[in-house]
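J.: Need a 3D model of the sequence below.
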Amino acid sequence: MTSVRRAVYPGSFDPIHLGHLDIIHRIAKVFDEVIVLIAVAPDKGSLFSIDERKELLRRSLTDLKNVKVESHEGLTVDYMRTQDASVIIRGLRAVMDFEYETSMANMNKKLSPEIETLLVFSKPEFYYVSSRGVKEVVRNKGSVHGLVPDAVETALKAKFGTR
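T.: Numbering: from 1, shown residues only. Here you go, the predicted structure:
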């Protein structure tokens, strides 16, 4: 019996951008199954609801048959146990993310020694792209064309009432 190599890529994805998609496409080539896990954080104000984020992710990932989109409130390592997943994927844009991500990786290792964290570097052309930055640009009526999938660009414009 062979086991499935399953990885979980957690994040808020509020909204998903091309940096996220780049990482998902790359890890989908390495693992049998990738679960893009939307973290539910009721205390953190989100622009898009969980259902909206799921739909935007699904619409952006139709070409990847081994990727599914889920959501979870609580610890990622607890969710992973329910899915028999052993690898957490975290993206790094640049040095600025390294300290935070290694701290999280060490905390997860303490909570669940059997789970590994893989840090995947973003391509240089996406180092500056963040969900927060994307929202700020649209809020100020700037263009995010080429930074987010078309469906996300349309949804952002609808949220902010811009054209």
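J.: what about Trp140, distance to Val134?
T.: Just so we're on the same page, residue 140 is Asn rather than Trp. 11 Å (Cβ to Cβ, to the nearest Å). (Each C-beta comes from the backbone N, C-alpha and C, glycine too.)
J.: ugh, wrong one, Ile38
T.: When distances are taken as Cβ to Cβ, Ile38 and Val134 turn out to be 16 Å apart.
J.: and if you look at Val67?
T.: Between Val67 and Val134 the computed distance is 21 Å (Cβ to Cβ).
J.: who's more crowded, the two?
T.: Each of Val67 and Val134 had its neighbours counted (other Cβ atoms under 10 Å), and the higher figure belongs to Val134 (24 against 21).
J.: Now name the helix or strand holding the more buried one.
T.: When elements are assigned from DSSP states H and E, Val134 belongs to helix 131-139.
J.: name the helices or strands packed onto that helix?
T.: Under the contact definition 3 or more Cβ pairs under 8 Å, 6 or more residues apart in numbering; DSSP states H and E, helix 131-139 sits against helix 150-160.
J.: Could you check the helix it packs on and say which residues are buried?
T.: For helix 150-160, burial by neighbour count (16 or more other Cβ atoms under 10 Å) applies to 151-153, 155-156.
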